[in-house]
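Chemist: Show me how the following folds:
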Amino acid sequence: MPIVAQSTETTDWVSRFADEVIEESERRAPGKPVVVASGLSPSGPIHLGNLREVMTPHLVADEIRRRGRRVRHLISWDDYDRYRKVPAGIAGVDETWAEHIGKPLTSVPAPKGSAYPNWAEHFKAAMTESLAQLGVEFDGISQTAQYTSGAYREQILHAMRHRHDIDAILDQYRTKKAPKKQQQKPLDEAELEAAEGSGAASEDDGSSGSAGYFPYKPYCGACGKDLTTVTSYDDDTTELSYTCTACGFAETVRLAEFDRGKLVWKVDWPMRWAYEGVVFEPSGVDHSSPGSSFQVGGQIAPLFGGQQPIGPMYAFVGISGMAKMSSSRGGVPTPADALKIMEPQLLRWLYARRRPNQSFKIAFDQEIQRLYDEWDKLAAKVADGSALPADTAAYTRAVGTAAGDLPKTPRPLPYRTLASVADITAGHEDQALRILSELDPQQPLGSLDEVRPRYDKAEAWINTHVPADQRTIVRDRPDTELLASLDEASRRSLRLLLDGLAGHWSLDGLTHLVYGVPKVQAGFSADATPKELPPEIKTAQRSFFALLYHLLVGRDTGPRLPTLLLAVGQERVRTLLGD
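Modeler: So this is what the prediction gives:
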C-alpha cells in the first residue's frame, strides 16, 4: 500500500511521482517492470549534489515497490566518459595525471595508494558503499562494459545511418543564441559544476567537420585518447577512418566490428533511454535548459524507437559549514563524508522531505545539532500520531525501504548531548558511559552500544568539524583569582547551585537547577515560567551561565551546562566552584 492516503498526495511529492510513473509505464510497456534511472560519472568524488540524482528516483522506485509492483532502478556508471581534467585536492594526484586527459575513465590509473584497478572504480567504490548504507537498491551498469562488449553496436550503426537527422536536430540549437538560464540564485563556477548530473553536459555534440557530421568518437588505437577526428565513413561497409590530433595516429576500421569508442553524449543519453526503456529519470540544471542534453535528447530518442523519460529538474544541494561543492576542486563533501557524522536515516530524510525542485543544505557545522533536534521531534510526533501526513510519509521513507527498516540506534539520545559528552571526554569511553548513565538515573545506560551508531557519528563530528579552539577543556584547578573577586550576589548564586547539586544530579534535575538559581535569587519560584518573570531574569541567567563557564572551562560559552556539570562530576564541580 502507498505510505499515505490519496487525499494527501498533493503534499507528498514521492507518491505523486509514483502515480505518474506507474501510469506512464503502463502506457509505454504494459505488464513490464517500471524502469527508473540515474547516471553518475566517476570522474572524481561523487558529491552530495550528485546524490540527488540517485535519491530522487530511488524514493520513487521504493514507493512503487511498496505498492507491490516490479521496478528496476538503473544506475549508469558513465565510466567510459573521457577524463576531462585533474580534480584538485585528490590525495596522490599530481600534474602527471594531465597526460591521461582524453582517455576513458576506466583507462586512467587510480589515485596513488588506491586498492582499485583504475580511476573510475576507485570513485565508484566509495559511492557504492554509501548507497548500501542508505538502503538504495539498484542495478549498476558500466558503460565501459556496455560499449566494449559490443552491446550498443546496432545502436551505434543506427546513429551513423541517421547522422544527418541527428545533425539537423542539433543544428536547431547551434545557431541560436544561448538563452539566459533561469537561476534559483546567483551561480559561480563551483555551483555550476556541483549541479552536474548524469553524463558530461559540457561535452561536444560531434559537430560537423570537413567530412560531415558524425555522432561517434573513437578512442585512439595508439594513445587511447578521444582527441580524434572521423575523416570518412561508408554506410554499406561500415568502414570508418579517423586521425588522432594528439599523437598523429590514423587507421581505418570496420565499425560493425569495432568497440573502442562511444556515441557523443547528446546522442548517447537518448539512445540509452530507448535501449533500457527508461520511464523516469531526473536531470540537473545543466541538462535542463533549452538546447541542453535532456531537452535535445527528447527529440533524438524517437530515432532509436524510444521516448524522453518523465522526471523533474532537481535543484542544488548546498553545504552548511564547508566550502561550496565542486567536483573538480577536491575537498568536496560526499555521501561518505556525511555518513561519518550523521545516521543514514537523517541523510535520507533531507532528500525525502523536499521536492526535487527545492534546494536545501546539508549541515557540517553547528546546524547539524538543530537538524537532529528537528528530526527527533518529528520522530516523537510520528510516534504519537500528531505529525502531518506528508511529514509522516517523509519520515517513513527515511527510516526504511520496502525491504525493511534501516539499522538504527537503540536509544537515540539527543545528538547535541552526545556531541558534548564526546567533546568533554576526548575519547575516554568509560567516562562517556559514566556521564550518559547519569543523564537519567531511572533508566541508566548499560553500554555505549545502546547509543551507537549515533554516538560515534557525534564523536566524529566533534573530532573533524569543530575547530580546536572551540573544543571543551575542563580546568585543572580552581580559578582562585576569579573566585576571590566575586561580589556577594555571585557567591550566593554559586552557593544555591552547590547546595542543590546532590538532589538534582540528573540531566533534567540539573537543567531545572541551573535555570532556577537566578529565579530564586531574584525572589521567584524555581518553577516560575518565562511569562511569570520580568525580562531582567534572562539577563541574570546569561550572566550566571557565563560565570559557570569561566569557572569550569575558562570561557564564557561551552556545551549545555547540565551536560557539562554531569561530565565534570560532582566532586570536581565543587572544587572548581570553590566549595
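
Chemist: Give me the residues contacting stretch 270-279.
Modeler: With contact meaning C-beta atoms under 8 Å, 6 or more residues apart in numbering, stretch 270-279 is reached by 21, 24-25, 28-29, 32, 34-37, 74, 76, 152, 155, 159, 263, 281, 297-298, 300-301, 303-310. The way it works is simple: take the backbone N, C-alpha and C, and place the C-beta from them, glycine included.

Chemist: at 6 Å instead, please
Modeler: Here stretch 270-279 makes contact (C-beta atoms under 6 Å, 6 or more residues apart in numbering) with 21, 24-25, 29, 34-35, 37, 74, 155, 263, 297, 300-301, 304-306, 309.

Chemist: among the residues you listed, which are in helices?
Modeler: If you go by DSSP state H, the contacts of stretch 270-279 have 21, 24, 25, 155, 297, 300 in helices.

Chemist: The nearest residue to the fourth one once chain neighbours are set aside: which element?
Modeler: In space, not counting the residues next to it along the chain, residue 155 is nearest to residue 271; the distance is 5.0 Å by C-beta to C-beta, 6 or more residues apart in numbering. Assessed by DSSP states H and E, residue 271 sits inside helix 265-276.

Chemist: ditto for residue 56
Modeler: Secondary structure from DSSP H and E places residue 56 in helix 48-66.

Chemist: Show me which residues of that helix are buried.
Modeler: Across helix 48-66, burial judged by 16 or more other C-beta atoms under 10 Å covers 48-66.

Chemist: One more: stretch 494-503?
Modeler: 494, 496, 497, 500, 501.

Chemist: tell me which of these is nearest to residue 116?
Modeler: Nearest to residue 116 among those: residue 501, at 55.9 Å, using C-beta to C-beta.

Chemist: returning to what we had before: and the helix holding residue 56, what other elements does it pack with?
Modeler: When contacts are defined as 3 or more C-beta pairs under 6 Å, 6 or more residues apart in numbering; DSSP states H and E, helix 48-66 packs onto helix 13-28, strand 34-40, strand 71-77, strand 317-320.

Chemist: May I have the next helix or strand after the last one as CSV, with CA atoms only?
Modeler: What it means is strand 317-320. Using DSSP H and E, the helix or strand that follows strand 317-320 in sequence is helix 335-341. In CSV, the C-alpha atoms belonging to helix 335-341 read as follows (Å, rounded to 0.1, in the frame of the first residue of the first chain):
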residue,chain,number,x,y,z
PRO,A,335,27.8,11.0,0.9
ALA,A,336,30.6,9.1,2.7
ASP,A,337,31.6,12.4,4.5
ALA,A,338,28.0,13.0,5.6
LEU,A,339,27.6,9.4,6.8
LYS,A,340,30.6,9.8,9.1
ILE,A,341,28.7,12.4,11.1
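
Chemist: switch to numbering from 37
Modeler: With the count now opening at 37, the last piece we talked about shows up as helix 371-377.

Chemist: Could you list the buried residues of the helix or strand harbouring residue 609?
Modeler: Using DSSP H and E, residue 609 sits within helix 606-612. With burial defined by 16+ other C-beta under 10 Å, the residues of helix 606-612 counted as buried are 609, 610, 612.

Chemist: what's the distance between the second one and residue 300?
Modeler: Residue 610 sits 75 Å away from residue 300 when distances are taken as C-beta to C-beta, to the nearest Å.

Chemist: Likewise for residue 255?
Modeler: To residue 300, residue 255 is 13 Å away according to C-beta to C-beta.

Chemist: next one: residue 598
Modeler: Residue 598 is 62 Å from residue 300, by C-beta to C-beta.

Chemist: now swap in residue 147 and tell me
Modeler: 28 Å.

Chemist: who's more crowded, those two?
Modeler: More neighbours surround residue 300 than the other of residue 147 and residue 300, with 22 against 18 (other C-beta atoms under 10 Å).

Chemist: Could you tell me the backbone phi and psi angles at the more buried one?
Modeler: Backbone torsions for residue 300, taken as degrees, to the nearest 10, come to phi -60, psi 160.

Chemist: just the strands in the stretch 187-336 of the chain please.
Modeler: Counting by DSSP state E, counting those that start in this stretch, the stretch 187-336 of the chain has strands at residues 252-254, 264-269, 275-280, 286-290, 297-299.

Chemist: what's the first one in contact with?
Modeler: By that I understand strand 252-254. Outside strand 252-254, the residues within contact range by C-beta under 6 Å, 6+ apart are 262, 264, 278, 297, 299.

Chemist: Which two among these are spaced furthest apart?
Modeler: Longest span within those, C-beta to C-beta: 278 and 299, 14.6 Å.

Chemist: Let me know the next secondary structure element after the helix or strand hosting residue 168.
Modeler: Per DSSP H and E, residue 168 falls inside helix 155-169. Per DSSP H and E, helix 155-169 leads on to strand 175-178 as the next helix or strand towards the C-terminus.

Chemist: Run me through the strand neighbours of that next one, direction for each.
Modeler: Strand 175-178 sits in its sheet next to strand 107-113 (parallel), going by DSSP bridges.

Chemist: Could you find the closest non-adjacent residue to residue 542?
Modeler: In space, residue 542 is closest to residue 477, 5.2 Å off (C-beta to C-beta, 6+ apart).

Chemist: What separation do you get for the one you found and residue 452?
Modeler: From residue 477 to residue 452 the distance is 21 Å (C-beta to C-beta).

Chemist: who has more neighbours, those two?
Modeler: Neighbour count, other C-beta under 10 Å: between residue 477 and residue 452, residue 452 has more, with 18 against 12.

Chemist: Pop out the phi and psi values for the more buried one.
Modeler: phi -60, psi -30.

Chemist: burial count for the residue lying closest to it once chain neighbours are set aside?
Modeler: Leaving aside its chain neighbours, residue 452 sits nearest to residue 405 (4.1 Å; criterion: C-beta to C-beta, 6+ apart). Number of residues near residue 405 (other C-beta under 10 Å) recorded here: 19.

Chemist: Could you check how far residue 405 is from residue 498?
Modeler: As judged by C-beta to C-beta, residue 405 and residue 498 stand 11 Å apart.

Chemist: same question, residue 304
Modeler: The gap separating residue 304 from residue 498 is 45 Å, by C-beta to C-beta.

Chemist: so where do the strands sit in the stretch 387-536 of the chain?
Modeler: Using DSSP E, counting those that start in this stretch, strands in the stretch 387-536 of the chain cover 396-399, 436-437, 440-441.

Chemist: What I need now is those written out in CSV, including mean pLDDT, mean neighbour count and distance to residue 201 for each item.
Modeler: Formatted as CSV, the strands of the stretch 387-536 of the chain follow (pLDDT from 0 to 100; neighbours: other C-beta atoms under 10 Å; distance: least, C-beta to C-beta, whole Å):
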stretch, mean pLDDT, mean neighbour count, distance to residue 201
strand 396-399, 93, 20, 41
strand 436-437, 98, 19, 42
strand 440-441, 96, 10, 48
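
Chemist: Let me see the mean pLDDT of the helix holding residue 609.
Modeler: What helix 606-612 shows for mean pLDDT is 94.

Chemist: Report the distance from that helix to the chain centre.
Modeler: Relative to its chain's centre, helix 606-612 lies at 43 Å (C-alpha atoms, centre = their mean, to the nearest Å).

Chemist: And the contacts of it?
Modeler: By C-beta under 6 Å, 6+ apart, the surrounding residues in contact with helix 606-612 are 511, 514, 537, 587, 588, 601.
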